[in-house]
Structures are given as C-alpha cells and as structure tokens.
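> Build me a model from this:
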Amino acid sequence: MRIIQLDETSKKNILEDLLKRSPNHYDQYAESVNEILNGVKEQGDRALFDYTKKFDQAEINVGNIQVTDQEIEEAYASLENPDLVSVIRRSIKNIREYHEKQKQYSWFDSKPDGSILGQKVTALSRVGVYVPGGKAAYPSSVLMNVIPAKVAGVEEIVMVTPPSKDGKVNPNTLVAAKEAGVDVIYKVGGAQAIGALAFGTESIPKVDKIVGPGNIFVALAKKAVFGYVSIDSVAGPSEILVIADETANPRYVAADLLSQAEHDELASAILVTTSEKLAQEVSSYIDMFVSKLKRKAILEKSLENYGYILVTKSMSDVIDVANDIASEHLEIITENPFDVMTKIKNAGAIFLGAYSSEPLGDYFAGPNHVLPTNGTAKFFSPLGVDDFIKKSSIISFSREALAPLSDDIQKFARAEGLTAHANSIRVRFEEQDTDVN
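I've put the predicted structure just below:
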C-alpha cells in the first residue's frame, strides 16, 4: 500500500482523486437511466417486466412480482446457517434501542394572551426501501433502512430487490425483511425499481420516500426522481479513514482498512498517522492479509485506486486532513481517542479505540450504517428516525393575541408590496371595508 508524505499538494491531489468516485461524475449513464425512468412512468408494469427480463433475465409478471408468504417460509428453511435468524434478532434489538432515542414528539406552547405555537410531528405514510441483490445482498442493510422507519411509525414499508434468473430473491434478504417488519416485497431492481417506487405502476404503489443503497444506475435514478419523491441521499462507494498514532496496533489498523476496501474496486481506505514506523508496519500487514483473504482481486484493485497511507508531521495536520476528507467511517486509534474526537467536525460515524472496529457498526452496535459518502459528511448525517418523519408548524392566535401585532405585520407586508397580506390582517380589526392600499 502506497505511503505518502502529506503536504498541501498531495492532499489536494488525493481529495480530487476521491471525488472522482462520486455519482455526480457518472453523467454518461444518465441518458440510459432517464430512458428507463420514462419508460416506467409511461408504461408502468409493462416496462417494469421488460426491463427485468432484459437486465436480470427473470420472467416477472403481475402474478409473481410480489414475494409470497410461502417464499418467505422457504427462505427461512433454506438458510445455510440457521443461527443467522437469532443473530438478526439480536442486531434488531440493538438497532431499535439506539434509534428509539432519536424519536421526536409534537409539542405545543401556549401563552396567557391566547396564542399557541407548536410543531406537529408526523411519520411518512409509505416508504420504499431498495435492497441490492445477487452478490451484493446485505441483510444488515435491510435492518438499517427498515428499523428507523418502523421506530418513526411509517404506516407501510415497501421493499424492492432484484430477482435472480429463476425469479427467486436472496433468502438472507427475505429473512431480514420479515424480521424487520417489511410490509410487502417486490421482485424488481435497478433504475426500473426506483421508477416504480417514484411514479407507481399497476403492481407497485407510489411511495413518499426512497431509501437504500444500490449501484450507479440506482444512485442516478434516485437523483433523477428527487422531487417526485424524497430520497435519503445519492450514495457513493464505501470508504474508511483511520487516524492512528504510534500506540496503535498495526495489525488492527491493517485489518480495519481492508474491511472497507473489500466492498468494491471504488472503495477507499486511508490511514493518516504521525508515525512513519506504524505506516511501514501497516503496509506490511496489508500485503500479508490481502494474500490470504477471499476477495483478493477486489482488495488489490481498491487499494491501487484509492488506498493511501498518509504520514504527517503533527496530530493537528492529521485532524485537518480528516476533516477535509469527511470520511463515511472514521476510526480513531490513538492514545486518547476521545480527545481527538472532540476536534473532528466531519465524519459519518466515528469509532473510538482499538476495539471499536468498523464492522461493529455495520452489524451490531446499533447506530445506523447508512452514512454520508464522498465528503458529504460535511453537511449530511447518518440515516435515522428523522428521515422518516415530517414536521408541521402549528399557529393559533386569539383576537387579543393578534391585536398588538397587527400594525407591525401590516407594515412588513406593505414594505414587500403585498397589500393583500396586509389586508388579511387589517379586516380583522375594521368594522367595514375602506381603502385597502
């Protein structure tokens, strides 16, 4: 793994390199995605079935597009490891308990003058969850997308996921969906599935919001339908940044970097350290681990493309580059990780200490693993309960409460040239109409 002495030039080059992974840089696929979306919008199920045949080689129709109870029962029976069910249930418990602490409630503030101000919190009615299929079938992502929606009180959760050639859905995905409380599952994936959720078809109802990860076509489709529906984010490839000093265990650091590099060839894995010795040791352990791990080809390509070990002169420089990169996952393995954490402004999830490795967050700790990528942690947050609610402002004034504000409101309205606004207030305190100017 390449070791780079960090300076302003190398930092600039690395940041530019990382940004190339963003879905915003894949406009060459936009035309194809828009063609698919328009097809689904105009032709509904017909286009949905045709695209599923074209891209997934599966014969899906109105009779088999929805996953049946029998198929879910078969999924439970076909699990390679039956213990997975109990593991999923324990994970759900942790995820639910964490997200329940995020719940917001309606509130009202009444005053003696007769005014009432407040905020009404309402869960979204119907949410669509996209779940990748095939080799990228991750039951953990099902839980992370569904549980916050359930905690928020979403009335109906609709899941879409691509079928295999025989029209089946990955059993791990089905079990996770059943355990998490998904209401209905449809066998459709890709940009066509996003179109179905956004516009509705004869078989699939229109939703209010779409969440969940997917490939570049899914990401671009979500970006394109934003406005017809809400979306969680336009997610890019996975990434990890590890801050470590001379006290860190190089084996742990190397293993953690590879835990994200194995996702795909565009995944990013970066170590930033003040220790040249640690840098060299981590590089050696990475070579050793890669030679033994199952996804060797992906790991090698990922590290070649977006893997870096950055050596800086001071911890202040380390923190600066970490905030500039704003990584999806940030591990801090230093002598005093909590002190370093207080200086971090931009990160999706922060893992503190040698035994808080990133996979803990992926599967079991409880916080959501759907996180902002490609530097968007500077302004986005992890998926949570807030993503599945909306808020309405409440305003109630009596005549007595409005009276002392009447003149001020009218003056404000007239200053903006909106005399009808001013008149709306004025008429409440005049016995009959006079000049409205």
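> So V175 lies in a helix, does it not?
Yes: if the criterion is DSSP: H, G, I helix; E, B strand; the rest coil, then V175 is within a helix.
> Number the residues from 274 up from this point.
Yep, numbering from 274; the last one is V448 now.
> nearest spatial neighbour of it, skipping sequence neighbours?
Closest residue in space to V448, ignoring its immediate chain neighbours: A348 at 5.4 Å, by Cβ to Cβ, 6 or more residues apart in numbering. All C-beta spots, glycine's among them, are computed from the backbone N, C-alpha and C.
> same thing with I598?
With Cβ to Cβ, 6+ apart as the criterion, I598 has its nearest non-adjacent residue at 5.8 Å, and that residue is L514.
> for that neighbour, phi and psi?
phi -130, psi 130 (degrees, to the nearest 10).
> ok so, going back, so is the residue nearest to V448 in a helix, a strand, or just coil?
Applying three-state DSSP: A348 is helix.
> Low-confidence stretches in the stretch 374-523 of the chain?
407-409 (pLDDT under 70).
> Tell me the spacing between V400 and A686.
39 Å (Cβ to Cβ, to the nearest Å).
> Could you check which of these two is surrounded by more residues?
V400 (31 against 18; other Cβ atoms under 10 Å).
> Let me see the ranges of the strands in the stretch 274-423 of the chain.
Counting by DSSP state E, counting those that start in this stretch, the segments of the stretch 274-423 of the chain that form strands are 276-278, 380-383, 389-396, 399-403.
> got TSV for those, with distance to K495 too?
TSV is the format used below for the strands of the stretch 274-423 of the chain (distance: least, Cβ to Cβ, whole Å):
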stretch	distance to K495
strand 276-278	34
strand 380-383	32
strand 389-396	21
strand 399-403	8
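> Mind checking those strands for the one nearest to L572?
Nearest of the strands of the stretch 274-423 of the chain to L572, taken as Cβ to Cβ: strand 276-278 at 17.4 Å.
> List the pairing partners of that closest one within its sheet, with orientation.
Under the criterion DSSP bridges, strand 276-278 sits next to strand 580-584 (parallel) in its sheet.
> In the partner strand, which residues are buried?
580-584 (16 or more other Cβ atoms under 10 Å).
> any idea of the mean pLDDT in that strand?
For strand 580-584, the mean per-residue pLDDT is 94.
> same question, stretch 667-687
On average, stretch 667-687 scores 96.
> got it, and stretch 534-541?
Stretch 534-541 comes out at a mean pLDDT of 90.
> Show me which positions of that stretch end up buried.
Buried, per 16+ other Cβ under 10 Å, within stretch 534-541: 534-536, 538-541.
> and what of stretch 350-362?
Going by neighbour count (16+ other Cβ under 10 Å), the buried part of stretch 350-362 is 357, 361.
> quick one: contacts of that stretch?
Here stretch 350-362 makes contact (Cβ atoms under 8 Å, 6 or more residues apart in numbering) with 349, 412, 416, 444-445, 448-449, 452.
> same thing but at 6 Å, please
444, 449, 452 (Cβ atoms under 6 Å, 6 or more residues apart in numbering).
> repeat for stretch 603-622
Stretch 603-622 is touched from outside by 514-518, 520-521, 529, 592, 596, 599-602, 623-627, 634, 644-645, 650-651, 655, with contacts defined as Cβ under 6 Å, 6+ apart.
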